[in-house]
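Student: What follows is a protein structure lacking sequence information:
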């Protein structure tokens, strides 16, 4: 590629554009590495090669997630600083080729409905993710073609940028694994209201109609529609498109609080005006003595604050009963939910979340540090 001011300027713009996207992507995933690990496991359980699955690689999911996050962050830093430009260009090309092919397969098969490329911060459909990668492929090609323009050999400086980038993101990931994410992009963020409408409110039905003359679409509440349909002129120009019913529900996909008979008490529990201290355990067998001490402390604090305490777990009822008797938690009511839904609430095992009137008051891995 000819070394001109224009070509070099376009190289700088391309590097900054792609670099900033990679930095943002790696940061929002690095905030919650366990979320990225769960997404890697989704791919392992959904994809097959020559008829063979990848469930055997589950133990490697955490390592692969952190490696991916560190790689993205490092490439982003190197692109912006201009360090190791030849190596960075080819590494970027390999990563973008992998991302583009992977997201194309996702978009056409929908085996994994969310690639998690921006963590929980920004949700994209599979096709949106694919086209996002196609857009990034354009400056990536230019970066590769102009990788040698005005390249300065600063091995010591470039090596420092490389080491710093890997170390900084690695420390950031480890911190967020050992603690809850420093920035919470999940539904159960402190301060979020988990139910939009009163749990005892009457369900409301809505219908969408389209004007056959102008193509305009409008949604009406059913009672309003009855009034409109009384007008024969209006009724002749509008046709039904869709309908929906607005029911009170917890604003967390897949969340439930089932008893042993299969009854779901999520709405009643989450919206309790007296408050609820929920202990989340996604893997019962991994709760150690320190975790049990925190649960015992949570029970005492719930009583002191006049609120109910419940255990939410994905374990089998018979295993829970044995565990409760062994640990002395028979007085804590137990409800059941999917492990992924529980892990979405809290990454800690156990985790603690304080709710009052469906609002998340506080959450954490240490019961003694909770605010009521």
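Tutor: Received it, and whenever you're ready, just let me know what you need. Predicted model only: the values in this text are computed from it and were never measured.

Student: Next one: the residue nearest the centre of the chain, what pLDDT does it get?
Tutor: Centroid check for the chain by CA atoms, centre = their mean gives residue 120 as the closest residue, at 3.2 Å. Model confidence at residue 120, given as pLDDT, is 80.

Student: Quick check: nearest residue in space to it, chain neighbours excluded?
Tutor: Spatially, and ignoring its direct neighbours in sequence, residue 120 is nearest to residue 185 (3.8 Å; CB to CB, 6 or more residues apart in numbering). (Each C-beta comes from the backbone N, C-alpha and C, glycine too.)

Student: List the residues that contact that neighbour.
Tutor: Residues near residue 185 by CB atoms under 8 Å, 6 or more residues apart in numbering: 28, 31, 32, 119, 120, 121.

Student: Could you chop the protein up by domain?
Tutor: The record's domain parsing of the chain by automatic domain parsing lists 5-178, 204-246, 266-369.

Student: Worst mean pLDDT among those domains?
Tutor: The minimum mean pLDDT among the domains of the chain belongs to domain 204-246 (a mean of 84).

Student: Residue 236 and residue 276: what is the separation?
Tutor: 52 Å (CB to CB, to the nearest Å).

Student: Pick out whichever of those two has more residues nearby.
Tutor: Using other CB atoms under 10 Å, the more surrounded residue of residue 236 and residue 276 is residue 276, with 23 against 10.

Student: Identify the bridge partners of that one.
Tutor: Beta-bridge partners recorded for residue 276 (DSSP bridges): residue 308, residue 355.

Student: I'd assumed residue 266 was in contact with it.
Tutor: No. Using CB atoms under 8 Å, residue 276 makes no contact with residue 266, being 10.9 Å away.

Student: where do the strands sit along the stretch 201-350 of the chain?
Tutor: Along the stretch 201-350 of the chain, the stretches classed as strands by DSSP state E, counting those that start in this stretch are 204-211, 217-221, 238-246, 276-281, 308-313, 333-336.

Student: most packed of the ones you listed?
Tutor: Most buried of those by mean neighbour count (mean count of other CB atoms under 10 Å) is strand 276-281; its value is a mean of 25.

Student: And it, what does it pack against?
Tutor: helix 266-270, helix 289-304, strand 308-313, helix 339-345, strand 351-356 (3 or more CB pairs under 8 Å, 6 or more residues apart in numbering; DSSP states H and E).

Student: ok so, going back, quick one: closest of the strands of the stretch 201-350 of the chain to residue 261.
Tutor: Ranking the strands of the stretch 201-350 of the chain by proximity to residue 261 (CB to CB) places strand 333-336 first, at 10.7 Å.

Student: Now do that closest one: everything it contacts.
Tutor: By CB under 8 Å, 6+ apart, the residues outside strand 333-336 that reach it are 256-260, 265, 269, 308-315, 317, 320, 324.

Student: try it again with 7 Å
Tutor: When contacts are defined by CB atoms under 7 Å, 6 or more residues apart in numbering, strand 333-336 is touched by residues 257, 258, 259, 265, 310, 311, 312, 313, 314, 320.

Student: between these, which is closest to residue 65?
Tutor: Comparing those against residue 65 with CB to CB places residue 314 closest, at 20.8 Å.

Student: ok, now which ones touch the closest one?
Tutor: Taking CB under 7 Å, 6+ apart as the criterion, residue 314 is in contact with 282, 336, 337, 338, 339, 342.

Student: And for residue 136?
Tutor: 18, 21, 96.

Student: So which of the residues you listed are in helices?
Tutor: Of the contacts of residue 136, the ones assigned to helices by DSSP state H are 18, 21, 96.

Student: could I get the residues you listed as JSON lines with neighbour count and distance to residue 160?
Tutor: JSON lines is the format used below for these (neighbours: other CB atoms under 10 Å; distance: CB to CB, whole Å):
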{"residue": "18", "neighbour count": "24", "distance to residue 160": "22"}
{"residue": "21", "neighbour count": "19", "distance to residue 160": "24"}
{"residue": "96", "neighbour count": "22", "distance to residue 160": "26"}
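
Student: between the residues you listed, which is closest to residue 302?
Tutor: Nearest to residue 302 among the ones in helices among the contacts of residue 136: residue 21, at 44.8 Å, using CB to CB.

Student: What residue, apart from its backbone neighbours, is nearest the closest one spatially?
Tutor: For residue 21, the spatially nearest residue (CB to CB, 6+ apart) is residue 136, at 6.4 Å.

Student: That neighbour: which element?
Tutor: helix 126-145 (DSSP states H and E).

Student: Now stretch 338-357: buried residues?
Tutor: For stretch 338-357, burial by neighbour count (16 or more other CB atoms under 10 Å) applies to 341-356.

Student: ok, now stretch 184-201?
Tutor: For stretch 184-201, the neighbour count (16+ other CB under 10 Å) marks 184, 185, 186, 187, 188, 194, 195, 199 as buried.
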